[in-house]
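Participant: the following block contains a protein sequence and its predicted model.
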Amino acid sequence: MSLRDVQKTGPWHAFSRGFRQRSPLVLVAAALITFLALFLAQGVLFGGGLTAVDEGRLLRISHDDYVHVSVRVQELKADPPKTRTIYLFGGSGTMECIVSEASLAAQIGRDAKQPVQVVSLAAHQESMAMTLALVDNLPAGPATVAIGLAPIRVTGAPERDVQLLSGHTLLVRSRRLAQIAPKYFGTKAPNTGSIPGIFDYVGSYLSERAAGRALWGTKIAYESHYYPWGAKGHLPLGKRRNVLYVLAKDVKLYRKYADFNFAMLEETLKLARERGFDVVLYDQPLNASAAGPDWNGVVPAYRKRARALAARYDVPYVHIERRVALRDDDFADLFHLLAPARLKWQPEMARQLASTLDAPAEPVATRVERSAPAPQ
């Protein structure tokens, strides 16, 4: 028998020939094998598999915040911090208000007279539900969960967050989010698990890498600042050009979605309490010079609700902005500090976060906020 005859009658030839059959049973078997492989891949990927590959090879773009924080929480679970850790949560406003994790940790450590580690899990347009999912994935240990507030953090729609249940946006799974899904989303986590999210990630990875300069599988350096040193902001006129539109939009979205977002924040406070984490609420920087201090009533409205929630759960709500004199030229736009302004903001942020460590919560319920009436 010739080698060609052996190849034609060998097991691999028979296996491949079987998949060329048109029998419905063969197609069903192929589908089952495919789904089993996907569920296996899901278990590996969401069970720590992201740490097996260098993060730079997984990033779709240099500002791929969602992949970055997904990898980061898996790294933290695999190698938990050995000292008290302050986890920062928020949107890109939080990302742009600190110089670096290491420098902020050093300043907090000096002020608190104890060693601390800072880990930023903030991301562009991070919603309250995303914060909940990330907190649900933190390792055990002494920790402070610092949650940033801003108009964009309390105006997000649940239609976007429900996708977290199927692995979209973040490559993380949250048992707590799945438990509360019927109450807040009117649906259960899908039986397909996070498989849709895997397909979404792979598709966007291929398209983003194809559109950019980095080839598939090559490393990309993650950039934590959208406005690095040397970056310039919009001119004053440019910052004010869309102010009326932004304020009108935020008022509308706040009225529509504030209840949902504060429900997600409260679920996060409950979860943190159960896990023994301390919590601090703080306001992200806002360009009051361009948009006005009350943001058409949205800012005092969410602060009032946040104060009440902080009082109910006995957590401090600090106001860094009251002690930092920010000007219009400190901001790139309405929300993001330029690099030099971070040197003004971070020391005060460190001081106020340090004051909350191993100390009783500030009596937030007695604070008086002078502001415009809340939107109805």
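Facilitator: Looks like it came in fine. Every value quoted in this text rests on a predicted model; they were computed, and no experiment measured them.
Participant: got the CA coordinates for the host helix or strand of Ala181 in CSV?
Facilitator: Assigned by DSSP states H and E, Ala181 belongs to helix 175-184. Extracted in CSV, the C-alpha atoms of helix 175-184 (Å, rounded to 0.1, in the frame of the first residue of the first chain):
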residue,chain,number,x,y,z
ARG,A,175,-22.1,37.1,39.9
ARG,A,176,-23.6,40.1,41.7
LEU,A,177,-24.6,41.7,38.5
ALA,A,178,-26.2,38.5,37.3
GLN,A,179,-28.1,38.2,40.5
ILE,A,180,-29.7,41.6,40.3
ALA,A,181,-30.2,41.5,36.5
PRO,A,182,-33.9,40.5,36.7
LYS,A,183,-34.7,43.4,39.0
TYR,A,184,-32.8,46.1,37.2
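Participant: and that helix, what's buried?
Facilitator: 176-178, 180-181, 184 (16 or more other Cβ atoms under 10 Å). Just so you know, the C-beta spots here come from the backbone N, C-alpha and C atoms, and that holds for glycine as well.
Participant: tell me the mean pLDDT over that helix?
Facilitator: Average pLDDT, helix 175-184: 97.
Participant: how far is it from where the chain is centred?
Facilitator: Distance of helix 175-184 from its chain centroid, counting by Cα atoms, centre = their mean, to the nearest Å, is 18 Å.
Participant: just want the angle from the longest helix along the chain to helix 175-184.
Facilitator: In the chain, taking DSSP state H as the definition, the longest helix is helix 243-275. Going by axes from the mean of the first three to the mean of the last three Cα atoms, to 10 degrees, helix 243-275 is angled at 120 degrees with respect to helix 175-184.
Participant: got a list of contacts for the next helix-or-strand element following helix 243-275?
Facilitator: Sequence order places strand 278-283 as the next helix or strand after helix 243-275, per DSSP H and E. Here strand 278-283 makes contact (Cβ atoms under 8 Å, 6 or more residues apart in numbering) with 143-150, 268-269, 272-273, 303, 306, 309-310, 313, 315-321, 349, 352-353, 356-357.
Participant: how about the helices of the stretch 251-376 of the chain, start to end?
Facilitator: Assigned by DSSP state H, counting those that start in this stretch, the stretch 251-376 of the chain shows helices spanning 288-291, 298-313, 339-355.
Participant: I should have written the stretch 101-250 of the chain there, sorry.
Facilitator: For the stretch 101-250 of the chain, applying DSSP H, counting those that start in this stretch gives helices covering 101-112, 128-135, 158-161, 175-184, 195-211, 236-241, 243-275.
Participant: give me the helices and strands touching the longest one, please.
Facilitator: Just to be clear, that refers to helix 243-275. Helices and strands in packing contact with helix 243-275 are listed as helix 128-135, strand 143-149, helix 158-161, helix 175-184, strand 278-283, helix 288-291, helix 298-313; criterion 3 or more Cβ pairs under 8 Å, 6 or more residues apart in numbering; DSSP states H and E.
Participant: check which residues of that helix are buried.
Facilitator: 243, 246-247, 250-251, 253-254, 257-258, 260-269, 271-272.
Participant: from the chain's centroid, how far away is the longest helix of the chain?
Facilitator: Distance of helix 243-275 from the chain centroid (Cα atoms, centre = their mean) equals 14 Å.
Participant: give me the angle between that helix and helix 128-135.
Facilitator: Going by the same axes, to 10 degrees, helix 243-275 makes 30 degrees with helix 128-135.
Participant: of the buried residues of helix 175-184, closest to Tyr222?
Facilitator: Checking those against Tyr222 by Cβ to Cβ gives Leu177 as the nearest, at 24.9 Å.
Participant: correct me, but that closest one touches Leu165?
Facilitator: Yes - counting by Cβ atoms under 8 Å, Leu177 does reach Leu165; the two are 6.7 Å apart.
Participant: just confirm Val315 contacts Lys270, I think it does.
Facilitator: No - look at Val315 against Lys270 with Cβ under 8 Å: they stay out of range, at 11.4 Å.
Participant: between the two, which contacts overlap?
Facilitator: Common neighbours of Val315 and Lys270 (Cβ under 8 Å, 6+ apart) do not exist.
Participant: tell me the contacts of the residue nearest to Gly56 when sequence neighbours are not counted?
Facilitator: Sequence neighbours aside, Lys219 is the residue nearest to Gly56 in space, at 3.4 Å (criterion: Cβ to Cβ, 6 or more residues apart in numbering). By Cβ under 8 Å, 6+ apart, the contact list for Lys219 reads 54, 56-57.
Participant: distance of Arg153 relative to Ala350?
Facilitator: As defined by Cβ to Cβ, to the nearest Å, Arg153 lies at a distance of 22 Å from Ala350.
Participant: likewise Tyr184?
Facilitator: The gap separating Tyr184 from Ala350 is 35 Å, by Cβ to Cβ.
Participant: residues contacting the closest residue to Ser289 other than its chain neighbours?
Facilitator: Nearest residue to Ser289 in three dimensions, chain neighbours excluded: Asp328, at 4.0 Å (Cβ to Cβ, 6+ apart). Applying Cβ under 8 Å, 6+ apart, one finds that Asp328 lies in contact with 236, 239, 287, 289-290.
Participant: can you tell me the number of residues neighbouring the residue nearest to Asp136 when sequence neighbours are not counted?
Facilitator: Excluding the flanking residues, the one nearest Asp136 by Cβ to Cβ, 6+ apart is Ser174, at 4.2 Å. Residues within reach of Ser174, counting by other Cβ atoms under 10 Å, total 22.
Participant: sweet, I'm off.
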